[in-house]
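>>> Sequence first, predicted model second:
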Amino acid sequence: MKTILVPLDHTAAAEHTLAYVNKLAVRWPAEVVLLCCIPATDIGQSAADLAAEEQRLRSLVERLRYQQLTRQDGRRIKYRYRVLSGCLHDHVRAEASACAADLLVMGLEHIDCGRQEAPGNHAAAITELVSCPVLVVPPGRRALPSRLVFSADFASLHLNVLPRLSALESAFPGDVDLVQFYPPAARGQRRQLKQALSRASTQLTWTTITPHLLEDDAPLEAVSEFCARTQAQLLVIAPTSSAQLLQYFDSCYTTTRAYHTQIPVLVLRTAERPPSAACCDRCAERLEQEQRKVVLPNYHAVHWA
């Protein structure tokens with residue numbers, strides 16, 4: 001059975017996050033693991049305090065389950081509760097591993113350890129800590145997506161990312177637009193970029209996939225405009241660094257309510273590997289051994305007194 005890990009705080013936006021997860025859990029279907037981390041400065045670490053917080057969480061779940069869903073759908077969702085003392089970034093890695101989370105869903109304005117930062121900052125930090133995809137949901141009530149936009153640099157995208165995305169096809173069925181932006185200086189690489197787009201489309205399991213190779217020297221603004229033009233309901237990204245992820249939620253975009261900050265964003269973590277001059281694994285191992293020999297001192301060559 002699939003598992004969705006949902007970190008919740010006690011803000012009003014948390015209800016919107018949980019309402020979205022409820023719809024997703026019915027469609028997939030999946031078990032929902034609710035994780036609530038309470039800063040130790042706010043409450044004591046006694047079992048009674050944590051039990052009171054868990055009861056508060058259960059009350060929220062039961063209220064939303066039967067207000068939002070039909071009784072039959074509400075009964076189908078299985079919940080597990082985890083209430084811990086401390087900060088989310090201290091526990092999320094272990095919790096995601098323990099429940100074998102297939103997806104982590106959190107709010108765009110999630111508050112961690114009592115600190116309220118710019119929207120998306122905490123989500124970007126959590127993405128670095130877990131290996132599963134992270135779905136960032138902005139405040140507001142919305143339907144599940146039927147039109148998706150997947151924007152990435154497909155020429156450098158690691159192949160392990162695409163099966164991870166295909167595993168979510170039944171959770172997010174619909175039409176998928178693959179979008180690759182390139183600057184004017186890269187016009188000579190259009191053929192390679194088209195081939196990379198074609199390879200990506202063949203490895204994804206959605207029925208309707210439309211590739212788009214577009215020229216633009218400001219890809220972030222361009223993808224937001226593309227999502228607005230196609231009325232996309234979910235943006236999928238595969239940033240190559242935490243700095244690149246933070247750009248999507250920069251204050252200039254959240255303040256001006258850019259389109260991509262008003263829809264859920266699914267973040268796929270890419271495994272960063274350092275560039276290697278080796279042509280194969282055997283050559284890479286040989287180069288590594290040679291580098292070790294250079295680093296280690298050659299005591300036999302030293303003339304001892």
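Sure thing, it's come through. Residues are numbered from 1 along each chain as shown.
>>> got the residue ranges for the strands in this structure?
2-7, 30-38, 79-85, 103-107, 134-137, 147-151, 175-182, 208-215, 234-237, 265-267 (DSSP state E).
>>> Select the longest helix from this structure.
If you go by DSSP state H, the chain has its longest helix at helix 47-68.
>>> for residue 39, what are its contacts?
Contacts for residue 39 (CB atoms under 8 Å, 6 or more residues apart in numbering) come out as 85-87, 113-114. C-beta: built from backbone N, CA, C; applies to glycine.
>>> from the chain's centre, how far out does the longest helix of the chain sit?
On the basis of CA atoms, centre = their mean, to the nearest Å, helix 47-68 sits 26 Å off its chain's mean C-alpha point.
>>> on that earlier part again, from the contacts of residue 39, pick the one nearest residue 98.
residue 86 (15.3 Å; CB to CB).
>>> and the gap between the closest one and residue 117?
In this view, residue 86 and residue 117 are 18 Å apart by CB to CB, to the nearest Å.
>>> Kindly report the same for residue 31.
Distance of residue 31 to residue 117, computed by CB to CB: 30 Å.
>>> more neighbours, the two?
For residue 31 and residue 117, the more surrounded residue by other CB atoms under 10 Å is residue 31, and the numbers stand at 18 against 13.
>>> which residues sit in contact with that one?
Going by CB under 8 Å, 6+ apart, the list of residues near residue 31 reads 1-4, 25, 77-80.
>>> Now render those residues as a markdown table, adding pLDDT, neighbour count and distance to residue 11.
Formatted as a markdown table, the contacts of residue 31 follow (pLDDT from 0 to 100; neighbours: other CB atoms under 10 Å; distance: CB to CB, whole Å):
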| residue | pLDDT | neighbour count | distance to residue 11 |
| --- | --- | --- | --- |
| 1 | 74 | 9 | 29 |
| 2 | 94 | 18 | 26 |
| 3 | 97 | 20 | 24 |
| 4 | 98 | 23 | 19 |
| 25 | 95 | 24 | 21 |
| 77 | 92 | 19 | 22 |
| 78 | 94 | 13 | 25 |
| 79 | 96 | 16 | 20 |
| 80 | 96 | 12 | 22 |
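>>> Output the residues you listed as a markdown table; include the columns distance to residue 47.
As requested, these are exported to a markdown table (distance: CB to CB, whole Å):
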| residue | distance to residue 47 |
| --- | --- |
| 1 | 29 |
| 2 | 31 |
| 3 | 25 |
| 4 | 27 |
| 25 | 29 |
| 77 | 27 |
| 78 | 24 |
| 79 | 20 |
| 80 | 18 |
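>>> now, which of these sits nearest residue 138?
Among these, residue 4 lies closest to residue 138 (CB to CB), at 17.7 Å.
>>> partner residues bridging the closest one?
residue 32, residue 103 (DSSP bridges).
>>> isn't it right next to residue 32, touching?
Yes - counting by CB atoms under 8 Å, residue 32 is a contact partner of residue 4 at 5.2 Å.
>>> if I look at the two, which residues touch both of them?
21, 25.
>>> What pLDDT does the model give residue 206?
Here the pLDDT value assigned to residue 206 is 97.
>>> Excluding chain neighbours, give the residue nearest to it in space.
residue 176 (4.6 Å; CB to CB, 6 or more residues apart in numbering).
>>> contacting residues around that neighbour?
Contact partners of residue 176, counting by CB under 8 Å, 6+ apart, are 148-150, 204, 206, 208-210.
>>> now, among those, which is nearest to residue 241?
Checking the contacts of residue 176 against residue 241 with CB to CB, the nearest one is residue 150 at 18.4 Å.
>>> give the contact list for that closest one.
Per CB under 8 Å, 6+ apart, neighbours of residue 150: 165, 176-179, 236-237.
>>> Please report the distance of it from residue 209.
As judged by CB to CB, residue 150 and residue 209 stand 9 Å apart.
>>> Equivalent analysis for residue 175, please.
Per CB to CB, residue 175 is found 8 Å from residue 209.
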